[in-house]
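Asker: Got a sequence here, can you model it:
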Amino acid sequence: MIESIGEWASGLGAQYGVNPVIFATIYIGAIPLFLASIAWLVRNSRAGKSTLLPVMCAGICFVSAYVYLAIAGRNIPTWVWIFLAALILYGTWTTVRDVRRKIAARDLSTDG
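Answerer: Residues are numbered from 1 along each chain as shown. As a prediction, the model looks like this:
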């Protein structure tokens, strides 16, 4: 089963000009950097410091694999871009919501 999934991914990679190993490495490798950026963002917000740099870092980590897809890929179907746009919008919305909750939770715990 794993072998057939690997063959399928390699076939898609060859068809669209994207190396699935590089894509997966970027995707998985960005996760700890994204989480660190979110922690940095929450910490800066709670301390009243600028959140611009942590937000930018988190955003870059969030879309890095898709940037690779946009640069290396060729003839990517339109539905893929629509699906990715929906994923990015949903991910942005949930991340903003969760960060606001974390900041608010910290603010409430220091008020009492």
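
Asker: Helices of this protein, start to end?
Answerer: For the chain, helices defined by DSSP state H occupy the ranges 2-16, 20-47, 52-72, 78-111.

Asker: Comparing those helices by mean pLDDT, which bottoms out?
Answerer: Among the helices of the chain, helix 2-16 carries the lowest mean pLDDT, a mean of 77.

Asker: which helices and strands sit right next to that helix?
Answerer: With contacts defined as 3 or more CB pairs under 8 Å, 6 or more residues apart in numbering; DSSP states H and E, helix 2-16 has these neighbours: helix 20-47. (C-beta placed from N, C-alpha, C; glycine too.)

Asker: Show me which parts of the helix it packs on are buried, residue by residue.
Answerer: Buried residues in helix 20-47, counted by 16 or more other CB atoms under 10 Å: 20, 23, 26, 30, 34, 37, 38, 40, 41, 42, 44, 45.

Asker: and the residue lying closest to the third one once chain neighbours are set aside, how many residues sit next to it?
Answerer: Spelled out, that is residue 26. Nearest residue to residue 26 in three dimensions, chain neighbours excluded: residue 65, at 4.5 Å (CB to CB, 6 or more residues apart in numbering). If you count neighbours by other CB atoms under 10 Å, residue 65 ends up with 20.

Asker: Contacts only, for residue 65.
Answerer: When contacts are counted by CB atoms under 8 Å, 6 or more residues apart in numbering, residue 65 is found next to 23, 26, 27, 30.

Asker: how far away is it from residue 22?
Answerer: Distance of residue 65 to residue 22, computed by CB to CB, to the nearest Å: 9 Å.
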